[in-house]
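J.: build me a structure from this.
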Amino acid sequence: MKLSTSQQQKQLPLVQMIKTMELLELNQIELKKMIEEEIISNPVIEIEKNKNLATKNKISRSKSKNYDINLFVENLSYSDWNLRAHIFEQIEFQSWTEKEKDIAELIISSLSENGFLQRKIDGKFVQIDPLELISGTNISLNEFEKVREKIKLLHPEGLACYNFYEFLLLQTELKYGKESLEFKILSGYSDLIEKRQFQKIANNLTITIDKVKEAIENISKLNITPVEKIDANINYVIPDAIVNVNNNEIEIKLAEDGLPEIKIKKDYIDMYDNPEKKEDKKFIKEYIDRANTLIENLNTRKEIVYKVILKIVEKQKKFFLNGPLNLSPLKLKDIADELNISESTVSRVVRERFIQTNRGIFPLKYFLSGSSGNEDTAKNSVKEMVKRLIENEDKNSPFTDDMIADLLKKKGVNISRRTVAKYRTELKIPSAFLRKNSL
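T.: Take a look at the predicted model:
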């Protein structure tokens, strides 16, 4: 998909604009409920049949001695069922194929109480062999693993990991990035971490033991399991868009497959157009007008949401391609000015909305600085970049604040030397002179 916003903003009548703004406030679940209620209350509306349904590719489970969907459903506790419902709410909004959904059912039915693909044997959790799970089905190991990787990025993140180590590694990659010290230490020196041989890790990475301890401290703050407890009060997080990166190409798709598409029933259109049925025409006019207004508002809402998400992805392209350290400062006003819409409209779009990415699910507010509830996001990202530059500098010739500012400008982050000095101080990192002379 080419990142562009070439369409001109439509001028909307005042009443329609107000209704569209109200729709922008609704998340996916609320919007779906509203549409379903309108279908019930308005007799001229019907659901549009989806002409592009994927060809069904059901998995034959009859030969599998390890999987019984009926037995699984019968033995589900309420909380287990709630977790399954929560996962499949997300899957329905992401256009998974029928076969992928069936594989997901198989995986979710096999999760242990801690959210891992494990089973209890003699009181201990043991990793499940995927070949055992797919025995007797038409699922290949590659298909199984592809779906498992997709499930790991749903909410809560890390479901279907094989073990605690894989879960830690996933969290570290999503939170700190593959180039981070945390990821390097956890992926390459887990045995030395267990033996607490921190000095050996420091020597291998040519860094100070304090840096090693700091990274391990960050790792220790990560979650132990994907789900400690799933209950009736679980917070549903349904992504509004899916952003995929393949070979440095970014694809964006609104996740609205779970929303019913509506149209006016043909019988009522014919009745309205029939000059001989004046009484009927008067009766149904109000319903048809209401339906037309709703359809127009839904289309306008969809267009605005898409344009805002598209612009955010465009502005934060480096984040999606290269990871969290590449988040750029971005304000509501920047988006509003470029799209020629009000800041309040952008604010309505980003409020309580999420996007599914290759790095997990993120609230849209994560990508904005100076927006409600997220004023420090870009600042913390830049501070992290300052920290990483200093960690990887030549210890015999450390970077001055001016040099760091210049390096950041080359990365597209324009900050002054004074701001670098401020962030460095907040990070409790001494000046270049003291860093050099402390060796």
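J.: where along the stretch 101-250 of the chain do the helices fall?
T.: Secondary structure of the stretch 101-250 of the chain, counting by DSSP state H, counting those that start in this stretch: helices at 130-133, 141-152, 164-176, 181-188, 190-194, 198-205, 209-220.
J.: what do you get for the stretch 251-400 of the chain?
T.: Secondary structure of the stretch 251-400 of the chain (DSSP H, counting those that start in this stretch): helices located at 266-273, 278-315, 317-322, 332-339, 343-350, 377-391.
J.: mind checking those for the one nearest to residue 25?
T.: Within the helices of the stretch 251-400 of the chain, the stretch nearest residue 25 is helix 343-350; the backing value is 5.8 Å (CB to CB). No exception for glycine: its C-beta is placed from N, CA and C like everyone else's.
J.: so the closest one versus helix 278-315, what angle?
T.: 90 degrees (axes from the mean of the first three to the mean of the last three CA atoms, to 10 degrees).
J.: gap between helix 343-350 and the chain center?
T.: Counting by CA atoms, centre = their mean, to the nearest Å, helix 343-350 is centred 19 Å from the centre of its parent chain.
J.: what's the closest of the helices of the stretch 251-400 of the chain to residue 248?
T.: Nearest to residue 248 among the helices of the stretch 251-400 of the chain is helix 317-322 (6.1 Å), distances taken as CB to CB.
J.: hang on, the earlier thing: mean pLDDT added to the helices of the stretch 101-250 of the chain, as TSV?
T.: Formatted as TSV, the entries for the helices of the stretch 101-250 of the chain read as follows, by pLDDT from 0 to 100:
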stretch	mean pLDDT
helix 130-133	89
helix 141-152	93
helix 164-176	90
helix 181-188	92
helix 190-194	87
helix 198-205	92
helix 209-220	90
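J.: low-scoring pLDDT stretches of the stretch 1-150 of the chain, where are they?
T.: Across the stretch 1-150 of the chain, the stretches falling below the confidence threshold (pLDDT under 70) are 1-19, 49-82, 85, 93.
J.: where exactly do the strands run in it?
T.: With DSSP state E, counting those that start in this stretch, the ranges of strands along the stretch 1-150 of the chain come out as 45-47, 118-121, 124-127.
J.: closest to residue 106 out of the ones you listed?
T.: strand 118-121 (14.0 Å).
J.: mean neighbour count and distance to residue 132 added to the helices of the stretch 251-400 of the chain, as CSV?
T.: Written out in CSV, the entries for the helices of the stretch 251-400 of the chain read as follows (neighbours: other CB atoms under 10 Å; distance: least, CB to CB, whole Å):
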stretch, mean neighbour count, distance to residue 132
helix 266-273, 13, 53
helix 278-315, 17, 40
helix 317-322, 17, 37
helix 332-339, 18, 50
helix 343-350, 20, 44
helix 377-391, 19, 42
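J.: mind putting those helices into a markdown table with distance to residue 256?
T.: As requested, the helices of the stretch 251-400 of the chain are exported to a markdown table (distance: least, CB to CB, whole Å):
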| stretch | distance to residue 256 |
| --- | --- |
| helix 266-273 | 24 |
| helix 278-315 | 7 |
| helix 317-322 | 21 |
| helix 332-339 | 20 |
| helix 343-350 | 14 |
| helix 377-391 | 26 |
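J.: so which of those gets nearest residue 218?
T.: Evaluated over the helices of the stretch 251-400 of the chain, closeness to residue 218 peaks at helix 377-391, with 11.3 Å, by CB to CB.
J.: centre of the chain to the closest one, how far?
T.: Taking CA atoms, centre = their mean, one finds the center of helix 377-391 at 23 Å from the center of the full chain.
J.: state the mean pLDDT of that helix.
T.: Helix 377-391 carries an average pLDDT of 76.
J.: may I have it exported as CSV, CA atoms only?
T.: Taking only C-alpha atoms (Å, rounded to 0.1, in the frame of the first residue of the first chain), the coordinates of helix 377-391 have been written out as CSV:
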residue,chain,number,x,y,z
THR,A,377,6.0,9.0,24.8
ALA,A,378,8.2,10.8,22.3
LYS,A,379,10.4,12.3,25.0
ASN,A,380,11.0,8.8,26.5
SER,A,381,11.8,7.5,23.1
VAL,A,382,14.4,10.2,22.5
LYS,A,383,15.9,9.7,26.0
GLU,A,384,16.2,6.0,25.1
MET,A,385,18.1,6.9,21.9
VAL,A,386,20.5,9.1,23.9
LYS,A,387,21.0,6.3,26.3
ARG,A,388,21.8,3.8,23.5
LEU,A,389,24.2,6.1,21.8
ILE,A,390,26.2,6.6,25.0
GLU,A,391,26.1,2.8,25.7
